[in-house]
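[1] A structural model of the following input is requested.
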Amino acid sequence: MEPKYVSLEMRDYIVSMGAETVNWCMQCGLCTNLCPWRLVPGETSEKFNIRHMQRLGQMGLEGFEDEHILFACTTCSMCQSHCPRGVKIVDNVRAMRASLVGAGMAPANLRPILGSAHANGNPWSGPREKRTAWQQGLEVPVFGPDTEYFLFVCCHSCYDPRSTKVAQSIVKLLKAAGVSFGVIGNEESCCGESMRKLGDEELFQKLAQANIELFNAKGVKKIITTSPHCLWTFSHEYPELGGQWEVIHYTQILAQCLEDGRLKLPGGVSKKVAFHDPCYLGRHSGVFDPPRELLQAAVNGGTVELSRHRALSLCCAGGGGRIWAEVPMGERFGELRVTDALKQGAEVLATSCPYCLNMLIDACNSLGKQEELEIAELSELLAAGL
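    Model prediction:
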């Protein structure tokens, strides 16, 4: 017999939205011990408990009072990748969020983000006709029938002034390697990965279907992504909706070009560089070696590993929609990464994700360490040596 405080209807709805494994959780607490929120002080850290979130899902969110805490999860997958029962914790969190967003209870700070994605096809309040503005000054090929790869540029790198440099650097590198690639243009929409993680399933379906119809109509077979988040959703979520393509991250194809001798990196970086593994490139997608192979070829000053790296890398806190969250100084995961990089003697902290780039820059600035540590996207370091 179910306890009387279980909301059976809500629990069934949560399960139907993707939380099929929520009842597998045996409340061992390993997920909570591994959660990066345990490493920082503050109110969110005190309130957020991922094990308790799984229990609330089992109870149909009965007794749940603070929706902001549910939206604190960065979906880094540190908990999920170590769960002894194989619980799909990230999917469970997404489904619980969907139950609130579907009922019109999205946190106020996220409503403009979701609204922009609905209206403009991107969450950054950028006009659709400005999606290709980052290409100014570059001759970016247009994808056509004879083009091998479609280059999908993350919305962040289309509209964020700092991140546009990432897209520009990747274009330069692909050209230097002789890769056959092209973009489609303003018809492209956000991949929807973060929108789905925020719980807006209807919005994700809308964006995904629009992209699938567009890509298939253009004859896309292979995709290069600039963002690990796009890599993940195109590879793992789009196929069930009809999006069947070969999808790789830009570091993967550039590493292959380097091995084949098509890309020459003369080693123009003389500083010591540490690499931050993005959660969605490393832990989620299993891509660890290509970025390091590229760094080794581009850096003369040597590379160092952070104390937590590869599968144990510490999240920057930008995933799961948290890139749009306001987090007080002293409570940012990125500050731990900056401190670690300096401790390891790094002069540059590099990453290969536009979300991580912004989060690490903000963390470095909040610590006042911008004179001691440069934050860079890997593509920028590589392109500087061309």
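[2] can you confirm Leu56 is in a helix?
    Yes. Applying DSSP: H, G, I helix; E, B strand; the rest coil, one finds Leu56 inside a helix.
[3] all helices for the stretch 101-250 of the chain, in order.
    All helices of the stretch 101-250 of the chain, identified by DSSP state H, counting those that start in this stretch, fall at 111-120, 155-159, 164-176, 193-197, 201-218, 228-236, 250-260.
[4] Would you mind saying which of those lies nearest Glu347?
    Among the helices of the stretch 101-250 of the chain, the nearest to Glu347 by Cβ to Cβ is helix 164-176 (19.4 Å). Quick note: C-beta positions are derived from backbone N, CA and C, even for glycine.
[5] Could you figure out how far that closest one is turned away from helix 250-260?
    For helix 164-176 against helix 250-260, the angle by axes from the mean of the first three to the mean of the last three Cα atoms, to 10 degrees is 30 degrees.
[6] With just CA atoms, put helix 164-176 into CSV.
    Output of helix 164-176 as CSV, limited to C-alpha atoms (Å, rounded to 0.1, in the frame of the first residue of the first chain):
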residue,chain,number,x,y,z
THR,A,164,31.6,34.7,-31.1
LYS,A,165,35.4,34.5,-31.1
VAL,A,166,35.1,30.8,-30.5
ALA,A,167,33.0,30.3,-33.7
GLN,A,168,35.4,32.4,-35.7
SER,A,169,38.4,30.5,-34.4
ILE,A,170,36.8,27.1,-35.3
VAL,A,171,36.1,28.3,-38.8
LYS,A,172,39.7,29.4,-39.3
LEU,A,173,40.9,26.0,-38.0
LEU,A,174,38.6,24.0,-40.2
LYS,A,175,39.6,26.0,-43.2
ALA,A,176,43.3,25.5,-42.4
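[7] List the residues that contact Leu174.
    Applying Cβ atoms under 8 Å, 6 or more residues apart in numbering, we find Leu174 in contact with Leu151, Phe181, Ile224, Tyr250, Ile253, Leu254.
[8] and with 10 Å instead?
    140-141, 149, 151, 180-182, 224, 250, 253-254, 257, 263, 379 (Cβ atoms under 10 Å, 6 or more residues apart in numbering).
[9] who does the helix or strand bottoming out on mean pLDDT in the chain touch, helix- and strand-wise?
    The weakest-scoring helix or strand in the chain, judged by mean pLDDT, DSSP states H and E, is helix 67-70 (a mean of 84). Helices and strands touching helix 67-70, by 3 or more Cβ pairs under 10 Å, 6 or more residues apart in numbering; DSSP states H and E, are helix 43-47, helix 50-58, helix 89-101.
[10] Outside of it itself, which residues are in contact with it?
    For helix 67-70, contacts defined as Cβ under 10 Å, 6+ apart pick out 43-44, 46-49, 52-53, 56-57, 61, 64, 93, 96-97, 99-101, 105-110, 199, 325.
[11] and those residues, which are buried?
    Taking 16 or more other Cβ atoms under 10 Å as the criterion, what is buried in the contacts of helix 67-70 is 44, 48-49, 52-53, 56-57, 61, 64, 93, 96-97, 99-101, 106-107, 110, 199, 325.
[12] What's the local residue count around the closest residue to Leu258 other than its chain neighbours?
    Among residues not flanking Leu258 along the chain, Ala297 sits closest, at 5.9 Å (Cβ to Cβ, 6 or more residues apart in numbering). Applying other Cβ atoms under 10 Å, we find 18 other residues in the vicinity of Ala297.
[13] With the one 4 residues further on instead?
    Gly301 sits with 14 neighbouring residues when counted by other Cβ under 10 Å.
[14] what's it in contact with, if anything?
    By Cβ under 10 Å, 6+ apart, Gly301 lies in contact with Gly267, Val269, Ser270, Lys271, Lys272, Val273, Ala346, Glu347, Val348.
[15] please redo it, this time with the cut-off set to 8 Å
    Counting by Cβ under 8 Å, 6+ apart, Gly301 has contacts Val269, Ser270, Lys271, Lys272, Val273, Glu347.
[16] mind giving me the domain ranges of this structure?
    8-101, 109-255, 263-384 (automatic domain parsing).
[17] In contact with Glu246, which residues?
    Listed by Cβ under 8 Å, 6+ apart, the contact set of Glu246 reads Lys221, Lys222, Ile223.
[18] and Gly268, how far is that from Ser169?
    Counting by Cβ to Cβ, to the nearest Å, the gap from Gly268 to Ser169 is 13 Å.
[19] One more: Gly104?
    On the measure of Cβ to Cβ, Gly104 and Ser169 end up 41 Å apart.
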